[in-house]
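Chemist: Here you go, sequence then predicted model.
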Amino acid sequence: MTIQETAMLMEILTVAYPRFYAGPEAPDRKAAVRLWADLFAGEEAWLVTAAVKAYIAADTKGYPPHIGAIKEAMYRLSAGEDSEARAWALVREAAANSGYQAKAAFEKLPEDVREIVGTPAQLREWGMMDSKTFNSVVASNFQRAYRARMERNRLFALAPPEVRRRLGGERRQTLPRQGDGCLTAGETGDPS
């Protein structure tokens, strides 16, 4: 996001929250533009603007957003509907199809899910496990690990671009909807 784009964004905020941005208590406009431009450098202007507008539309308290609130709104807008329940549904589906095709079922899982599952052999083992244990103990452990991974990804996504670059690039994985690219019951694959 450029300085010019940030200045236009600040205009939106000024119109939406005129009392905050006017008068002797108002923040220094040039300093605010520089700070917002610095912390949103490298971000797509349309996404930042969409997050600001979404914040304004949902605001019931009448206070302008702080940078962290907009970063969180951007993350929510771009992250989609990833949830541990959806991730678990994918694992359950893959485990059900893992008898002769564990490797193919494993490889179709999203990267974050594969890293939690570990190996195709683990997926096959889960597929042969008692369903009560699988759907309670394994499900609980998997979902807890998935929540922790998604929180780490969220914090990474909220960090300024300079910090993300230093930590090693972009890192966010979204999940396909159940059945989109994952093996379903009745599909065949190569034994592994």
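Modeler: Structure's in. What do you need? Residues are numbered from 1 along each chain as shown.

Chemist: Apart from its chain neighbours, what residue comes closest to Ala32?
Modeler: Met10 (6.2 Å; CB to CB, 6 or more residues apart in numbering). All C-beta atoms are positioned from the backbone trio N, CA, C, and that covers glycine.

Chemist: ok, that neighbour to Val91 distance?
Modeler: 45 Å (CB to CB, to the nearest Å).

Chemist: Please apply the same query to Glu115.
Modeler: Distance, Glu115 to Val91, using CB to CB: 12 Å.

Chemist: Can you pick out the residue with more neighbours from the two?
Modeler: Remark: of Glu115 and Val91, Val91 carries more neighbours, 27 against 13, as counted by other CB atoms under 10 Å.

Chemist: looking at this protein, which helix or strand is least sure?
Modeler: helix 161-167 (a mean of 80; mean pLDDT, DSSP states H and E).

Chemist: Flag every buried residue along that one.
Modeler: Across helix 161-167, burial judged by 16 or more other CB atoms under 10 Å covers Arg164.

Chemist: Packing partners of it?
Modeler: helix 139-158 (3 or more CB pairs under 8 Å, 6 or more residues apart in numbering; DSSP states H and E).

Chemist: could you redo the last one with a cut-off of 10 Å?
Modeler: For helix 161-167, the packing partners by 3 or more CB pairs under 10 Å, 6 or more residues apart in numbering; DSSP states H and E come out as helix 29-39, helix 139-158.

Chemist: what ranges do the helices span in this protein?
Modeler: Under the criterion DSSP state H, the chain contains helices at 3-16, 29-39, 45-58, 67-79, 84-96, 102-107, 111-117, 120-128, 131-133, 139-158, 161-167.

Chemist: So which elements touch the shortest one?
Modeler: Applying 3+ CB pairs under 10 Å, 6+ apart, one finds that helix 131-133 makes contact with helix 84-96.

Chemist: Which one of the helices and strands packed on helix 161-167 lies nearest to Ser83?
Modeler: Nearest to Ser83 among those is helix 139-158 (8.3 Å), distances taken as CB to CB.

Chemist: Touching, Leu47 and Arg76? I think so.
Modeler: No: look at Leu47 against Arg76 with CB atoms under 10 Å: they stay out of range, at 11.1 Å.

Chemist: So the two - more neighbours on which side?
Modeler: Set side by side, Leu47 and Arg76 show more neighbours around Leu47, with 17 against 12, by other CB under 10 Å.

Chemist: wait, what's in contact with the more buried one?
Modeler: Counting by CB atoms under 10 Å, 6 or more residues apart in numbering, Leu47 touches 1, 40, 70, 73-75, 77-78.

Chemist: Then Thr2?
Modeler: Residues near Thr2 by CB under 10 Å, 6+ apart: 8, 37, 40-41, 45.
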